[in-house]
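**Student:** would you be able to build a 3D model of this:
(one chain, ligands or ions: 1)
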Amino acid sequence: MTRYFLTTAIDYSNGEPHIGHAYEKIGADAIARYRRMLGDDVHFLIGMDEHGQKVEQTAAQLGVEPQALVDTLAEKFAAMWQRLGISNDQFIRTTDAMHKAGVQALIERIFERNPDDFYEKAYEGWYCVGCESFKQDAEIIDGKCVLHPTRTLEWVEERNWFFRLSKYASFLKALLTDRVEFLQPASRRNEMLALIERGLEDVSASRSRLQWGIPFPRPLSTGERQTTYVWFDALPNYLTATGFPGDGGRAKWPAQLHVVGKDITRFHSIIWPAMLKAAELPLPERVWGHGFVLLGGERFSKSAGVRLDLDEAIAKYGADAFRYFLLREIPFDADGSFSWEQFDARYNSDLANSWGNLTSRVIAMVEKYRDGVVPSGAREEVDRSAAEDIEAYHAAMNGSRGYLLHEGLQRAMSMVTRGNEYVQTMQPWSIAKRDDEDGRRALDHVLSSLVRQLARQAVVLAPFMPEKAQEAWAQIGGPGNVGDQRFGDLDSLDATGWAVKKGASLFPKA
Ligand SMILES: [Zn+2]
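**Tutor:** Numbers count the residues shown, from 1 in each chain. Here you go, the predicted model:
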């Protein structure tokens with residue numbers, strides 16, 4: 001079995017789960033479920049980034065210990081991912097003892113293999129607690145960080161450990177150039193190559209003012225002990241999840257895919273591979289930088305700063321409809337927008353009127369004309385058209401052209417559209433009026449084809465809408481769980497003899 005270890009970025013423990021977090025989890029979950037149905041041995045990792053000054057400050061404001069704050073938030077995030085049907089195999093937290101030990105082991109390994117990669121440097125500058133970084137003049141307007149105009153910048157003088165990122169510029173340039181699949185989409189790769197071209201600056205690896213974090217394993221020459229800075233704390237989670245420096249974890253390094261937002265592509269395609277190279281460890285195979293969900297439509301335009309309430313979005317039509325909408329409407333390689341108007345429109349046209357309606361009609365006809373048992377019938381033109389759609393679906397989903405989930409979903413839905421057209425063309429209710437052997441055989445043929453179509457639709461839609469696909473699968477009498485089906489078996493799928501059982505409407509009309 002092919003191993004497939006994929007990850008999302010870990011979420012920062014400062015605030016509630018929002019649409020950006022959800023979009024990334026849902027997209028990565030569709031990939032994870034897709035790989036399982038290909039037959040891969042999948043390990044899907046998500047988690048929480050729980051250290052840093054913001055967590056420390058928020059905890060202080062609330063009058064709680066930082067650990068208590070991150071414990072509460074980890075529970076909230078995990079509960080949300082469960083509601084959204086996220087099928088992660090592991091949920092890492094950077095406050096886990098295993099992670100802390102792994103981070104220190106990674107830093108020690110770099111000290112041993114490439115001793116010059118860490119060095120001490122004193123510097124001073126304006127520091128933004130919101131960004132947890134020093135700000136250049138261009139990033140300061142009216143004495144405030146442009147990203148955090150409500151926070152006060154602090155003048156900070158520090159002596160820290162630095163990581164010699166600049167040393168890896170040519171290595172990174174070659175990596176991004178020679179292995180085009182390492183970072184996609186291509187727009188992200190071009191941004192990173194331009195960044196390298198402008199020159200890479202070394203990055204801080206430790207901080208003195210930071211308390212809430214992992215102790216940096218080696219003291220400064222002054223004897224001062226510092227705390228590991230964010231990059232060396234958060235990024236290694238993908239590695240420590242495997243049990244590093246041992247291999248006691250269920251996942252095995254390297255990861256096949258990191259799914260991250262375009263805002264942190266730089267950390268995953270520049271700093272992270274350089275750290276791994278410095279430690280003489282294998283690199284992840286691929287990094288995918290997805291775009292953002294923008295908010296559009298009337299409700300979001302009326303008042304600025306209104307956020308999308310995830311609970312409200314899930315409550316509206318259920319988790320699967322929300323998953324469907326995000327992955328259908330927002331291209332996984334670019335930005336797209338959510339609006340309540342468009343959500344309603346897609347729910348009604350694609351889900352209730354198209355997939356849901358086709359499913360209930362076909363089941364009703366098998367019940368009415370064949371006592372609920374699927375008759376046998378030969379394969380035909382519509383099966384061959386489905387095979388073409390399925391081929392394009394795989395090309396969009398399996399990484400060969402990137403991770404174009406929106407295109408995969410579009411292909412799956414075009415199979416549904418074809419099914420509805422097939423019903424219109426064949427008019428099974430007219431055939432049923434014929435009272436001869438040819439008519440009987442013709443109706444068997446049409447009903448058998450339709451159930452086969454529904455079965456294939458449930459299988460290809462399962463990575464996107466796992467619960468609804470299972471409901472559809474159970475209603476047509478499919479054996480076992482739809483998620484346990486293998487794409488490789490679709491070609492020979494035969495529903496003869498399945499017993500359909502009408503259930504609740506998949507997508508009740510709004
Ligand atoms: Zn800032």
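
**Student:** switch to C-alpha atoms for all contacts and neighbour counts from now on
**Tutor:** Noted.

**Student:** what parts of the stretch 51-200 of the chain come near the ion?
**Tutor:** With C-alpha under 5 Å from the ion as the criterion, the stretch 51-200 of the chain meets the ion at residues Cys128, Gly130, Cys131, Cys145, Leu147, His148.

**Student:** neighbour-wise, which of these leads?
**Tutor:** Cys145 (25 neighbours; other C-alpha atoms under 10 Å).

**Student:** next one, pLDDT for it please.
**Tutor:** Cys145 carries a pLDDT score of 93 in this model.

**Student:** go ahead and confirm it touches Cys128.
**Tutor:** Yes: Cys145 is in contact with Cys128 according to C-alpha atoms under 8 Å; the separation is 6.5 Å.

**Student:** so what's in contact with the two at the same time?
**Tutor:** Between them, Cys145 and Cys128 share these contacting residues under C-alpha atoms under 8 Å, 6 or more residues apart in numbering: Lys135, Arg151, Thr152, Leu153.

**Student:** how near is the first one to Trp272?
**Tutor:** Right, Lys135. Distance check for Lys135 against Trp272: by C-alpha to C-alpha, to the nearest Å, it reads 22 Å.

**Student:** more crowded one of those two?
**Tutor:** Taking other C-alpha under 10 Å, Lys135 and Trp272 do not tie; Trp272 has more neighbours (20 against 17).

**Student:** is it true that that one touches Leu235?
**Tutor:** Yes: proximity of Trp272 to Leu235 meets the contact threshold set by C-alpha under 8 Å, at 6.5 Å.

**Student:** what residues are shared contacts of these two?
**Tutor:** Overlap of the contact sets of Trp272 and Leu235 (by C-alpha under 8 Å, 6+ apart) is empty.

**Student:** OK, now which residue of the stretch 301-450 of the chain is nearest to the ion?
**Tutor:** Ranking the residues of the stretch 301-450 of the chain by distance to the ion (C-alpha to the ion) places Gly305 first, at 18.2 Å.

**Student:** A helix includes that residue, no?
**Tutor:** No: under DSSP: H, G, I helix; E, B strand; the rest coil, Gly305 falls outside any helix and is assigned coil.

**Student:** what's the pLDDT at Leu153?
**Tutor:** According to the model, Leu153 scores 93 on pLDDT.

**Student:** list the contacts for Ala458?
**Tutor:** Taking C-alpha under 8 Å, 6+ apart as the definition, contacts of Ala458 comprise Ala469, Gln470, Ala472, Trp473, Val482.

**Student:** ok, of the residues you listed, which one's closest to Glu108?
**Tutor:** Sorting the contacts of Ala458 by how near they are to Glu108, with C-alpha to C-alpha, puts Val482 at the top with 46.3 Å.

**Student:** could you find the closest non-adjacent residue to that closest one?
**Tutor:** Gln470 (5.5 Å; C-alpha to C-alpha, 6 or more residues apart in numbering).

**Student:** ok, Tyr127 next?
**Tutor:** Leaving aside its sequence neighbours, Tyr127 sits nearest to Phe134 (C-alpha to C-alpha, 6+ apart; 4.2 Å).
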